[in-house]
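S.K.: coordinates only, sequence not included:
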């Protein structure tokens, strides 16, 4: 996905210093926004992984309790 138009060198050479400076500032802002978004997504993935570990642990504990209960019931019969 391209979000920034790619310019040819000849096009950029015709721009004034002010136009180039503004364009560079815009690019810096955009890359910082992308980095911030990436960091947020990364942290959300880490939280999701932690939640999945907790769910798997809880599931395993619940399964163990059910199996123990079923064994106890079988032993009584």
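M.R.: Alright, I've got the coordinates. This structure is a prediction, so every number in the text was calculated from the model and none was measured. Residues are numbered from 1 along each chain as shown.
S.K.: just the strands in the chain please.
M.R.: Along the chain, no stretch is classed among the strands by DSSP state E.
S.K.: which sections of this protein are below the confidence cut-off?
M.R.: For the chain, the stretches flagged by pLDDT under 70 are 1-2, 77.
S.K.: mind checking the longest helix of it?
M.R.: helix 17-76 (DSSP state H).
S.K.: And the residue most central in space within the chain, how far from residue 20?
M.R.: The geometric centre of the chain, computed from its C-alpha atoms, lies nearest to residue 41 (CA atoms, centre = their mean), at 2.5 Å. Noted for residue 41: a distance of 31 Å to residue 20, by CB to CB, to the nearest Å. C-beta here means a position set from N, CA and C on the backbone, and glycine is covered the same way.
S.K.: Check residue 12 too.
M.R.: Taking CB to CB, one finds residue 12 at 7 Å from residue 20.
S.K.: cool, and residue 51?
M.R.: Residue 51 is 46 Å from residue 20, by CB to CB.
S.K.: Residue 56 now?
M.R.: The separation that residue 56 has from residue 20, given CB to CB, amounts to 53 Å.
S.K.: swap in residue 5?
M.R.: 15 Å.
S.K.: Which one's more surrounded, the two?
M.R.: For the pair residue 5 and residue 20, the greater number of neighbours falls to residue 20 (12 against 6), based on other CB atoms under 10 Å.
S.K.: contacting residues around that one?
M.R.: For residue 20, the contact set (CB atoms under 8 Å, 6 or more residues apart in numbering) comprises residue 12.
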